[in-house]
Each structure stands twice: as structure tokens, then as C-alpha cells.
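Engineer: Any chance you can model this:
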Amino acid sequence: MKAVSLFLVVQLFIYSVKAQDFFKVKAGEEPKKAIPATLQYLHPQFQTGKVVFLNGTTSVAQLNYNLLLSEIHFINNNKDTLSLANEQLIKEIFVGSQQFIFDAKYGYLLIEPAPESLIRLGTKQELRVTNVERVGGYQQSLGATSTKSYSSFSNGNASVQKLDPKGDVVFRKYGIHFFIDQNNRCYKTTKSSLHKIFPKYKKQIDSYLQENTIDFQNEKDLNDIIQFCRQFT
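Structural biologist: Numbers count the residues shown, from 1 in each chain. Okay, the predicted model is just below:
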């Protein structure tokens with residue numbers, strides 16, 4: 001009996017952890033109002049951090065990363081929550097101990113703290129629409145077997161728009177990985193990107209890829225090949 005009870009506790013714990021990665025927004029609701037703030041942000045509370053600008057100046061503030069909007073937010077002196085502007089003037093941002101850079105194409109990327117490295121792993125974390133559940137008779141959701149055709153969802157530095165009111169919308173936490181070179185340039189995680197970052201070592205990289213099965217979407221595999229490439233100077 002105790003063994004069964006322990007199994008149920010473990011299963012409930014696993015389910016609760018997985019559930020934190022998903023959130024359902026009812027038909028017609030606005031996501032930024034329906035999703036709890038603790039789930040919209042990377043951290044449950046704002047962290048003391050700093051913004052470092054290209055001209056060398058630094059601004060200290062309470063910062064957090066909004067997963068829904070893909071924005072860095074700060075709290076001003078009036079206790080208002082605002083988003084950073086003029087990102088093209090920013091060199092790097094520290095939210096607590098975590099470092100972000102801003103890329104004009106991909107937005108804010110969380111990067112590993114290895115500034116002297118020729119290559120680092122960057123991750124764009126976000127809450128993304130993963131499914132829309134059709135509404136059937138009596139306005140009841142028909143579940144995940146429904147169609148995935150739905151109206152576009154605006155995030156990034158734009159406001160969040162209401163989604164298709166004809167179905168509940170499921171959001172999920174995603175992490176999209178990128179290679180970051182020593183000049184903070186961002187590349188998709190592909191073999192060709194490694195060739196661009198290390199043009200003199202294409203043969204060594206190709207040999208490694210032939211001997212090792214690499215999933216360019218898997219974080220562990222990406223860290224493995226990054227460690228391999230760090231031998232190049």
C-alpha cells in the first residue's frame with residue numbers, strides 16, 4: 001500500500017512539473033491578462049540586474065524576462081512595469097546572474113557566462129501557441145485533437161492580440177537554441193553555422209559529426225559540440 005502511495009505521489013509530482021510548461025487560455029481571453037504573471041516571466045520575482053550600453057554606460061534596475069512578449073521588463077521609480085527600448089544601443093543585460101544579449105533578428109537571447117569563448121550557446125525562451133482546441137456544441141472544448149489552424153499571435157516587441165475566439169488556446173514554454181560567436185553574432189544551430197564560425201576547421205568539424213550523432217535541437221548535443229569546437233584558436 002505504501003509503495004502504491006509513493007508511486008502516486010511521484011506521478012503527481014511529475015505531472016505538476018510538466019503542467020507548469022503549459023497553460024490554456026479560454027476562447028476570447030487576452031493571453032497577457034489570462035496567464036498568471038508568475039508563468040509569463042522567467043523568474044517569479046524581478047531580479048536586481050543591469051543594462052550595459054554600447055557606449056559603456058550602465059543602468060541598474062529590477063529586471064525580468066517576459067516569456068509571452070519576449071521582452072526584458074523593468075520596474076521604474078513609480079513602480080510601473082515597462083519594457084526596455086532602443087535595444088540596438090544595448091550591449092548586454094544581466095537579470096540577476098543570467099546574461100542576455102539582443103539580436104535584431106532573433107530578439108533577446110539568454111547566453112552562458114563564458115565571455116572569452118569563441119562560441120557559446122544562446123537560447124530564446126518564450127511562451128508559444130502550441131495548439132488551438134475547437135469549440136463544439138454548447139461551447140465545450142473538443143480537446144487536443146482539434147485543428148491547429150488559428151489566427152496569428154503577435155509577440156516580440158508588439159502587443160499581444162486576442163486569438164481566435166472559436167477555440168481555447170494552449171501555450172507552451174519553448175527554448176530555441178543558437179550559436180553565439182565571440183562578437184555576439186547569432187547563428188542557427190546547423191553544421192553550416194559552425195563552418196561560418198570556424199572556417200579553418202571545417203574538416204575537423206565534419207569528422208566529429210561523422211563520428212558522433214548530433215541532434216542540433218538537443219541542448220546536451222549542442223553543448224558537446226561546442227566543447228569540441230572550443231579547442232580551435
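Engineer: With adjacent residues omitted, what lies nearest to the residue most central in space within the chain?
Structural biologist: Centre of the chain computed as the mean C-alpha position; nearest residue by CA atoms, centre = their mean is Q125, 0.4 Å away. Among residues not flanking Q125 along the chain, G175 sits closest, at 5.1 Å (CB to CB, 6 or more residues apart in numbering). C-beta here means a position set from N, CA and C on the backbone, and glycine is covered the same way.
Engineer: Would you state the strands of this structure in chain order?
Structural biologist: Under the criterion DSSP state E, strands of the chain are mapped to 22-25, 47-53, 58-66, 71-75, 81-83, 90-95, 98-103, 107-111, 119-134, 167-181, 186-188.
Engineer: Against G175, how distant is L39?
Structural biologist: 15 Å (CB to CB, to the nearest Å).
Engineer: My error: substitute T81 in the last question.
Structural biologist: Noted for T81: a distance of 24 Å to G175, by CB to CB.
Engineer: More neighbours: which of these two?
Structural biologist: T81 (14 against 11; other CB atoms under 10 Å).
Engineer: which residues touch the more buried one?
Structural biologist: 73-75 (CB atoms under 8 Å, 6 or more residues apart in numbering).
Engineer: Would you mind checking those for buried ones?
Structural biologist: 73-74 (16 or more other CB atoms under 10 Å).
Engineer: Any chance of a markdown table for the contacts of T81, columns distance to T130?
Structural biologist: As requested, the contacts of T81 are arranged in a markdown table below (distance: CB to CB, whole Å):
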| residue | distance to T130 |
| --- | --- |
| H73 | 23 |
| F74 | 29 |
| I75 | 30 |
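Engineer: Relative to I197, which of the contacts of T81 is nearest.
Structural biologist: Among the contacts of T81, H73 lies closest to I197 (CB to CB), at 31.5 Å.
Engineer: hang on, the closest one packs against L82?
Structural biologist: Yes - H73 lies in contact with L82 (CB atoms under 8 Å); the separation is 6.6 Å.
Engineer: Can you pull out the low-pLDDT segments for this protein?
Structural biologist: For the chain, the stretches flagged by pLDDT under 70 are 1-20, 115, 132-166.
Engineer: 90 instead, please
Structural biologist: For the chain, applying pLDDT under 90 flags the ranges 1-39, 112-117, 127-174, 233.
Engineer: sorry, back to before: T213: which of the strands of the chain is closest?
Structural biologist: Taking the strands of the chain one by one with CB to CB, strand 167-181 is closest: 17.0 Å.
Engineer: Which neighbours in the sheet does that closest one have, and how are they oriented?
Structural biologist: Take DSSP bridges as the rule and strand 167-181 pairs in its sheet with strand 22-25 (antiparallel), strand 119-134 (antiparallel), strand 186-188 (antiparallel).
Engineer: want to throw the ones you listed into TSV with distance to Y65?
Structural biologist: Formatted as TSV, these follow (distance: least, CB to CB, whole Å):
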stretch	distance to Y65
strand 22-25	17
strand 119-134	7
strand 186-188	17
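Engineer: Pick the most buried one from those strands.
Structural biologist: Mean neighbour count (mean count of other CB atoms under 10 Å) peaks for strand 119-134 among those, with a mean of 20.
Engineer: thinking again about what came up before, between the contacts of T81, which sits nearest Y108?
Structural biologist: Looking across those and measuring by CB to CB, the closest to Y108 is H73, at 10.8 Å.
Engineer: What's opposite the closest one in the beta bridge?
Structural biologist: Here H73, judged by DSSP bridges, has bridge partners N64, S83.
Engineer: Contact partners for it?
Structural biologist: Residues near H73 by CB under 8 Å, 6+ apart: 41, 46, 63-66, 81-84.
Engineer: And those residues, which of them are buried?
Structural biologist: 41, 46, 63-66, 84.
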